[in-house]
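>>> Got a predicted structure here, sequence first:
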Amino acid sequence: MEAADTRVLIYEDNPDLRLSLSHLLGGTPGLELVGALGNCQQVETDIPRLKPDVVLMDIDMPGINGIEGLKRIKANSPKVSVVMLTVFEDNDRVFQAVCAGADGYLLKKTPPAKLLDAIGEVRAGGAPMTPAIARQVLRLFPKPVAPRQQEDSPANLSAREQEILGLLVEGYSYKMIAHDRGISLDTVRSHIKKIYEKLHVRSMTEAVSKALRQGLT
């Protein structure tokens, strides 16, 4: 049985970029573009009507901005993945989006191939971020006074799980972790699933946030 196409909804107020993203996603096998909207004023009715799996959300839009739209989506449809798109690496915006439950955070200048990879990654349970954004996220959290010893880890992470969590914190994608550690992509997913279970989180953003707050890496 073939897997169903990933349903993608775009919120982007720039008409040229909205059209460009529409052409990219609409012509990609495995993806189904269910809508391309210039604002998220009707987000609470758009989501149940269009039933997206992934939302690409412009962070700066008139009326209801992307962060407020993100909050409304997560309040009503928490299983929908939301990847924020922004022009600038703005510390405050990154922090607000992470706290509101963003599943990924990309710059609008992200190359098309990377954007498509990010959609696949977020569907697999990851939290795609450009390296520049990942560095911003790192700066948002104070470093722990002293690193915890492995045996003191409240999450009881294994040495390999701590390694992989550390790479997630540094902004590595699943593919990059697999290459760096010399393991398969499925093994990476298996480790990350266990990390999520032990940390009691549901997304990579939450895992990175918790790791930084508690000094788990």
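Everything's here; your move. Numbering: from 1, shown residues only.

>>> domain parsing for the chain?
What automatic domain parsing lists as the domains of the chain is 6-140, 159-213.

>>> Could you check how many residues crowd around Lys197?
Quick fix: residue 197 is Glu, not Lys. 10 (other Cβ atoms under 10 Å). In short, each C-beta sits where N, CA and C put it, glycine included.

>>> List the contacts of it.
Listed by Cβ atoms under 8 Å, 6 or more residues apart in numbering, Glu197 has no contact partners.

>>> Quick check: phi and psi on it?
The phi/psi pair for Glu197 (degrees, to the nearest 10) reads phi -60, psi -40.

>>> Quick test: name the residue nearest the centre of this protein.
Gly104 (2.0 Å; Cα atoms, centre = their mean).

>>> And the pLDDT at that residue?
As summarised for this prediction, Gly104 has a pLDDT of 87.

>>> Look at Val34 and tell me its secondary structure.
At Val34 the chain is in strand, as set by DSSP: H, G, I helix; E, B strand; the rest coil.

>>> That one and Val54 touch, don't they?
No. Applying Cβ atoms under 8 Å, one finds Val34 not in contact with Val54, separated by 9.9 Å.

>>> Now the common contact residues for those two.
Joint contacts of Val34 and Val54 (Cβ under 8 Å, 6+ apart) are 7-9.

>>> mind listing what Gly38 touches?
11-13, 15, 18, 61.

>>> If any of these are buried, put those into a PyMOL selection.
PyMOL command restricting the contacts of Gly38 to the buried ones, with burial defined by 16 or more other Cβ atoms under 10 Å:
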select buried, resi 11+12+13+18+61
